[in-house]
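Engineer: Predicted model, plus sequence, below.
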Amino acid sequence: MANHPSALKRAKQNKVRRSRNASVKSKIKTKVKQYLQTLDASPEESASPALIEAVSLINRAGSKGILHPRTASRKISRLSKKINKTSGQSAAQA
């Protein structure tokens, strides 16, 4: 354990930030799961608000350094690809 006052403070700050980052990552995972469930259950019209919420959280986490920016971009791209794939299937069925 750190003994120097500044090192003690850094350890305390790291603990707070780690818990905050874990909370944000958990929210992202929950929103992504909700989006995937709505995408499976119903057409893409009802899934797009869920996509917007998930993308917003992922973007915010990427810009604040909770996720690496390229990781955030990759996650958003994969989610968008899923909704585009389902819209392509529904257009082909019609």
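Structural biologist: Perfect, thanks for sending it.

Engineer: name the helices or strands packed onto the helix or strand hosting residue 84?
Structural biologist: Applying DSSP states H and E as the criterion places residue 84 in helix 69-93. Helix 69-93 is packed against helix 5-41, helix 44-64, with contacts defined by 3 or more Cβ pairs under 8 Å, 6 or more residues apart in numbering; DSSP states H and E. In this view, the C-beta of every residue, glycine as well, is placed from N, C-alpha and C.

Engineer: Show me what counts as buried in the shortest one.
Structural biologist: Pointing back at helix 44-64 there. Going by neighbour count (16 or more other Cβ atoms under 10 Å), the buried part of helix 44-64 is 44, 47, 50, 51, 54, 55, 57, 58, 59, 61, 62.

Engineer: Could you do the first one as well?
Structural biologist: Across helix 5-41, burial judged by 16+ other Cβ under 10 Å covers 24, 28, 31, 32, 35, 36, 38, 39.

Engineer: So which other helices or strands are in contact with it?
Structural biologist: Using 3+ Cβ pairs under 8 Å, 6+ apart, helix 5-41 sits against helix 44-64, helix 69-93.

Engineer: and the shortest one with helix 5-41, angle?
Structural biologist: Going back to what we said before, that points to helix 44-64. Between helix 44-64 and helix 5-41, the angle comes out at 170 degrees (axes from the mean of the first three to the mean of the last three Cα atoms, to 10 degrees).

Engineer: Switch the buried residues of helix 5-41 over to CSV; also include pLDDT and distance to residue 67.
Structural biologist: Below are the buried residues of helix 5-41 laid out as CSV (pLDDT from 0 to 100; distance: Cβ to Cβ, whole Å):
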residue, pLDDT, distance to residue 67
24, 97, 9
28, 98, 8
31, 96, 13
32, 96, 12
35, 94, 17
36, 93, 18
38, 92, 23
39, 90, 22
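
Engineer: ok, of the residues you listed, which one's closest to residue 78?
Structural biologist: residue 32 (9.5 Å; Cβ to Cβ).

Engineer: okay, the residue nearest to the closest one when sequence neighbours are not counted: pLDDT?
Structural biologist: Once flanking residues are discounted, residue 32 sits nearest to residue 54: 5.2 Å by Cβ to Cβ, 6 or more residues apart in numbering. pLDDT for residue 54: 96.
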